[in-house]
Every structure is written in C-alpha cells, then in structure tokens.
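K.L.:
got a predicted structure plus its sequence, pasted below:
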Amino acid sequence: MQIAVVILNWNGKELLEKFLPSVVQYSEEATVYLADNASTDTSIAFVETHFPKIVILRNKSNKGYAGGYNEALKKCKEDLFILLNSDVEVTNNWLLPIRKAFSENENLVAAQPKILDANRRDHFEYAGAAGGFLDQLGYPFCRGRVFNTIEKDTGQYDDPISIFWASGACLAVRRNAFEEAQGFDEDLFAHQEEIDLCWRLQQLGGTVGYVPESRIYHVGGATLSTQNATKTFYNFRNSLLVLLKNHPGKSVLLLLLIRLCLDAIAGVQFLLQGKPSHFKAVIKAHLSFYSLFSTFWKKRNKRLPSISYYRCKSVVWRYFIRKKQTFNSGY
C-alpha cells in the first residue's frame, strides 16, 4: 500500500521549521508532499533548500482546507492519503499501525490516530482527541474531549473502535473512497469539512476508525486560535450547514430551529464573558447560514441510504445540565 503524507501550508514557514523534521524522520514509508496554498512568505524556498525530497504541490490560490486539499490531491496517486496539519509532531512508527488497519479491513475508508496535545503531552488535544462523534443536533464531541473539558490520557481510550468522524488534523483516507465521495465540500472552506466528508463516506458504505497505536502531538490553533472570532464563525456556521446537508429527513428543519436557539444563547454568553467579537461572529455565522441555505438544501442527496449518525440526543443537556463532562461518564 503506497502512502502519501500531504501537509497543507499557507504562510507557515515557522511551523514547517519546527514540525517538518519529525515528519521527514518518521515517514520513510511514505512520499511526503507540501500542498502550498499560494503562500507569500518563504515557505517553499525553505522546504526546497532544507527538505529537497519533499514534493511541492503549488495551488493557484488560497482555497482554505477544503479547496486546497481537493486541488493538491488530484496530483497524488498513492493508495492512502494522510492529510496532516503543519502544526503536528509525529512519532516513531506512527504510520505502521495506520497502514495495518487499512490493510486488514477493506471497508475502512478513513481513520485517525490518537491525537495528543503538543504542549500538555499527557492530555488529549481538542481537535480530534480519541475519535469524533455527533449528537442529534449536530454538535461534535470526542472521546477525550467534550466541549472544553479535555481529559488526561491514562490509556482509557486505547481500544480501536469505529467512530463517526476522524479529525482533519491527521486524516487518513483511501484515495478511491475520497474520489468516490468527490472530496471535500469547498463551500465550507475551513472547519468541519472532515465531518461532512466522513458522513458521506459512511453513506457510501465505508467505515471510519480510530487507531490508538499511532500517536501524534498537535499544537492546535496554530492557524486560527480558539481566541480568534473567525474560527467561531466557521465552527458555528459549518456545523449548521453540515447538518442541513446530510441529515436524512425533513425533521432536520426542527433540529436546525433548536440549534439556532441554542446558538443564540451561546452568543449571549460570549457577550456576558466580554467577548463581543465572538458574539458578532455567531450573528455573522447565522446570516451566512441563511444565505447558503438554498445551496446546501439542494446538495441533500436523497439517493444515498440513511445512516445512524448520532451518539446521543443532546451533548448540551448531558454536559451542562447533567454535568457529565467526560466521555466515559455517560456518552
């Protein structure tokens, strides 16, 4: 099985300086690509000088995570793509368990490793942790991370299981499955496009898995920090769009109405916390959602089979009302 490790870059020379050495050192079984989103810094020159074996794929413009990978991956012909954030430190033999999992299970179409925090190395990292799930309203959460409660890794999630979505921080996906699903939805631009892709991959009959034997360390927020209102905008908007696009029935309209109310409460909380930019981002996210409603309604594919997509009815209820703040406490 041929493997392509593909790192998307946009003006990220400092991250490449810090994290590329581990990728090159521990990815001898793969071809490493740098997919550059039309950077204006010296990223490409740095890689060409210091890592000449890395293959550089030059995108014509910055189309975000979704469009950037779609454009670059058309040029990769390996059997397995591993899409890796530029702020990730990989570890010795990290590729072997992933290759083994895909070799032994032909139905496995996407997967992620154990994702730990590069700054608190004995804790899970927010973006993916030990595998992702959704509640009925489309709110994402993970084993090891529910809302802002991030667990210490004590081996409690060392079992390889099927998950609903694999993190875009390190997403392994079969090339033929990626192509059959027609790649990422570029209208999402950035954030939660991996959830949309994993949803569609499962509608097409594949499974998504968690490979705990492989571990990586992710900085998180190196491109957009959690304090950045732009990230709030994309997360709130795209969560609604993904639910609208993929939920199997017209009951999605009721679920979206509930979501909009809960999002409004979250917006007020931002205001009370002294975060007016995030409050404005929630409003902007809703306005953008309304403007894209017709586009995403038309994307609903009634020909694909319905699948069970949610782990629980309301992660908000369990977390905030019932005070179940870790995955093993009741999810």
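P.N.:
Yep, that arrived. Numbers count the residues shown, from 1 in each chain.
K.L.:
partners of the longest strand seen in the chain, with directions?
P.N.:
In the chain, with assignment by DSSP state E, the single longest strand is strand 207-218. Its sheet considered, strand 207-218 pairs with strand 88-90 (antiparallel), strand 108-117 (parallel), strand 162-163 (antiparallel) by DSSP bridges.
K.L.:
for the following helix or strand past it, what is the distance to the chain centroid?
P.N.:
Beyond strand 207-218 on the C-terminal side, the first helix or strand identified by DSSP states H and E is helix 229-246. Chain-centre distance of helix 229-246: 13 Å, with Cα atoms, centre = their mean, to the nearest Å.
K.L.:
how about the CA coordinates for helix 229-246, as CSV?
P.N.:
Output in CSV follows, covering the C-alpha atoms of helix 229-246 (Å, rounded to 0.1, in the frame of the first residue of the first chain):
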residue,chain,number,x,y,z
ALA,A,229,-13.5,35.1,16.2
THR,A,230,-13.0,33.8,12.6
LYS,A,231,-12.8,30.3,14.0
THR,A,232,-16.0,30.8,15.9
PHE,A,233,-17.7,31.9,12.7
TYR,A,234,-16.7,28.9,10.7
ASN,A,235,-17.5,26.4,13.5
PHE,A,236,-21.0,27.7,14.2
ARG,A,237,-21.9,28.2,10.5
ASN,A,238,-20.4,25.0,9.2
SER,A,239,-21.9,22.8,11.9
LEU,A,240,-25.4,24.0,10.8
LEU,A,241,-24.5,23.6,7.1
VAL,A,242,-23.2,20.0,7.6
LEU,A,243,-26.4,19.0,9.5
LEU,A,244,-28.6,20.6,6.8
LYS,A,245,-26.8,18.8,4.0
ASN,A,246,-26.6,15.4,5.5
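K.L.:
now do the buried residues in whichever helix or strand comes after it.
P.N.:
Using DSSP H and E, the next helix or strand after helix 229-246 towards the C-terminus is helix 252-272. Of the residues in helix 252-272, V252, L255, L256, R259, D263, G267, F270 count as buried by neighbour count, 16 or more other Cβ atoms under 10 Å. For the C-beta atoms, the positions are set from N, CA and C on the backbone; glycine is no exception.
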